[in-house]
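Participant: sequence plus predicted model, see below.
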Number of protein chains: 2
Amino acid sequence: MTGSGTGLREIKKQLTREAIADAAYQLVLDKGLENVTIDEIAQLAFISPRTFSNYFSCKEEAVVAAGSPVFSGILEALDERPTDEPPLHSLGELVVDAVRDRTDEQLAVTAGKLRLSQRYPAMQPYEAARYDAFETAIGERIAARTGTELATDLYPGLVAAVVTGALRVAVASWVHADAPRERLPELLTEAFQELADGLPLPAASR
Amino acid sequence: MTGSGTGLREIKKQLTREAIADAAYQLVLDKGLENVTIDEIAQLAFISPRTFSNYFSCKEEAVVAAGSPVFSGILEALDERPTDEPPLHSLGELVVDAVRDRTDEQLAVTAGKLRLSQRYPAMQPYEAARYDAFETAIGERIAARTGTELATDLYPGLVAAVVTGALRVAVASWVHADAPRERLPELLTEAFQELADGLPLPAASR
DNA sequence: GCAGAAGTTTGCCAATTGCGCAAGATGGTC
DNA sequence: GACCATCTTGCGCAATTGGCAAACTTCTGC
């Protein structure tokens, strides 16, 4: 998810990327999507407008990239796990842990972005694309770990889809309920539990 | 998925929408995304350029909308099913059937669009958004059928995510393998089977 | 059927954006 | 410290976006 090179150059690039994304997020939060121009974002992020498009194709994409990434952390943590564990199990724990480790600020941005993309449908494709990219990344790792092929075998893609699905659904529910932070890991655990049970019927009907 | 009104007005709108989407798809297939302008698409669809943006926000979104929708058919079929069936089971069958019923032409468009969105990353967000919208629609129906709330309970969203996941993964694998049409329903069945088994480990390792 | 309401299409137009190109700046390498 | 690769930026043009109001089409009630 994060560029993998390690030099100063990569770091700067990453910083610029975050600066742009955060500027975009903040501005859109303040003034509404339609009242924010790329020029403004560029100004706030101390880059030229031309540079903006080296990083993002549009405002929406930038906004959605705001907040330090959860995804890359999960992927790295996955590589630490023993290869013989059932991947869905490993990932369930990793995702729950990753979410638990987020700062309040980070969680607030997650929630904020979700609310924004509900308010502005134009953002929704970019939000979806982020999860999709994450899903692909997970799929690749699972494939590597299990000796399967992402493009050919169904297994790695399915595991990846199920994991991101659980994450999306739990976060959506958490944001909707406006629940306190402790609730999110619980919801996630619950989601993975339901998945493991095969989703026969709605769990506790309230 | 399809506009729900029934008058002549709705029908025309739907036709216009399809005409635009098909024109966009065809042009992009022929000339490549970067060499197609909205003006051209509008011309080929017999509308004014201005009208294009009443339907789609950009070329990419239009291309991805091409081909008659599978999704709405699945949703309608779901409503015919007895409410007491496990939803994941109903949906598994419905999706397999829906795919089996597609014409060769329709399947070709599905495959073509997927290939295009691999070739042009700018299309990918819109492809993802389509599945996301489908997922939401499924979630709503499941919620209605099971007396749960999509926004609150995890169950309906999880079922929906799993279903679209299976569909996406199976289609991707099918397209990648360049397999004959009979293979797609088989892959889908397999995907739902693996899901039902809880994805413990890769099924047949080839 | 027909008059008025409601919704769509279109042209016009200004502001914004997308992006190729080439020059300058900056980090990486030996 | 010299050379190379990469990133940033300004310039400029073509494409796109989106508000507005006029012309048209469909819908509704009578």
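Facilitator: Noted; the coordinates are in hand.

Participant: could you pull out the buried residues of the strand or helix carrying A:Thr164?
Facilitator: Using DSSP states H and E, A:Thr164 sits within helix A:155-177. Within helix A:155-177, the residues that count as buried by 16 or more other Cβ atoms under 10 Å in any protein chain shown are A:155-176. All C-beta atoms are positioned from the backbone trio N, CA, C, and that covers glycine.

Participant: got it, and stretch A:70-84?
Facilitator: By neighbour count, with 16+ other Cβ under 10 Å as the criterion, the buried positions of stretch A:70-84 are A:Val70, A:Phe71, A:Ser72, A:Gly73, A:Ile74, A:Leu75, A:Ala77, A:Leu78, A:Arg81.

Participant: closest to DNA strand D among the residues you listed?
Facilitator: Within those, proximity to DNA strand D (Cβ to the nearest atom of the strand) peaks at A:Ser72, which comes in at 17.7 Å.

Participant: where does that closest one land on pLDDT?
Facilitator: pLDDT, A:Ser72: 90.

Participant: C-alpha coordinates for stretch A:158-166, CSV please?
Facilitator: What follows is stretch A:158-166, C-alpha atoms only, in CSV (Å, rounded to 0.1, in the frame of the first residue of the first chain):
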residue,chain,number,x,y,z
LEU,A,158,-12.5,-15.2,-1.6
VAL,A,159,-10.6,-14.9,1.7
ALA,A,160,-9.6,-11.4,0.8
ALA,A,161,-13.2,-10.4,-0.2
VAL,A,162,-14.5,-11.8,3.0
VAL,A,163,-12.0,-9.9,5.1
THR,A,164,-12.5,-6.5,3.5
GLY,A,165,-16.2,-7.2,3.6
ALA,A,166,-16.2,-7.7,7.3
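
Participant: domain ranges for chain A, per the record?
Facilitator: Domain assignment for chain A by automatic domain parsing gives A:3-64, A:74-198.

Participant: can the longest one be found next to DNA strand C?
Facilitator: No: using Cβ under 7 Å from any atom of the strand, we find that domain A:74-198 stays clear of DNA strand C, coming within 11.3 Å at best.

Participant: around DNA strand D, pick out the residues from chain A.
Facilitator: Proximity of chain A to DNA strand D, by Cβ under 7 Å from any atom of the strand, involves residues A:9, A:12-13, A:16, A:34, A:46-51, A:54-55.

Participant: and which of the residues you listed is nearest DNA strand C?
Facilitator: A:Arg9 (3.6 Å).

Participant: quick one: the helices in chain A, in order.
Facilitator: Ranges of helices in chain A, per DSSP state H, are A:8-31, A:38-44, A:49-55, A:59-64, A:71-80, A:87-101, A:104-119, A:124-146, A:155-177, A:183-196.

Participant: could you dump those to TSV with distance to B:Ala191?
Facilitator: Output for those, formatted as TSV (distance: least, Cβ to Cβ, whole Å):
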stretch	distance to B:Ala191
helix A:8-31	35
helix A:38-44	41
helix A:49-55	36
helix A:59-64	29
helix A:71-80	22
helix A:87-101	15
helix A:104-119	28
helix A:124-146	13
helix A:155-177	6
helix A:183-196	15
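
Participant: among the ones you listed, which is nearest B:Glu140?
Facilitator: For B:Glu140, the closest of the helices of chain A is helix A:155-177, at 13.1 Å, according to Cβ to Cβ.

Participant: report all helices and strands that that closest one contacts.
Facilitator: helix A:87-101, helix A:104-119, helix A:124-146, helix A:183-196, helix B:155-177, helix B:183-196 (3 or more Cβ pairs under 8 Å, 6 or more residues apart in numbering or on different chains; DSSP states H and E).

Participant: give me whichever of the ones you listed is most buried.
Facilitator: Greatest average neighbour count among those goes to helix B:155-177 (a mean of 25), per mean count of other Cβ atoms under 10 Å in any protein chain shown.

Participant: okay, now the unreliable bits of chain A?
Facilitator: A:1-6, A:203-206 (pLDDT under 70).

Participant: tabulate the domains of chain A in JSON lines, adding columns for distance to B:Ile138.
Facilitator: Shown next, in JSON lines, are the domains of chain A (distance: least, Cβ to Cβ, whole Å):
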{"stretch": "domain A:3-64", "distance to B:Ile138": "23"}
{"stretch": "domain A:74-198", "distance to B:Ile138": "12"}
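
Participant: which of the buried residues of stretch A:70-84 lies closest to A:Asp104?
Facilitator: Using Cβ to Cβ, A:Val70 comes nearest to A:Asp104 of these, at 14.1 Å.

Participant: which ones are touching that closest one?
Facilitator: Contact analysis of A:Val70 by Cβ atoms under 8 Å, 6 or more residues apart in numbering or on different chains lists A:Ala98, A:Val99, A:Arg102, A:Gln106, A:Thr110.

Participant: likewise for A:Tyr25?
Facilitator: If a contact means Cβ under 8 Å, 6+ apart, then A:Tyr25 has A:Ala62, A:Val63, A:Ala66, A:Gly67, A:Val109, A:Gly112, A:Lys113, A:Leu116 as its contacts.

Participant: next one: phi and psi at the fourth one?
Facilitator: Put plainly, it is A:Gly67. Per-residue torsions, A:Gly67: phi 90, psi 140 (degrees, to the nearest 10).
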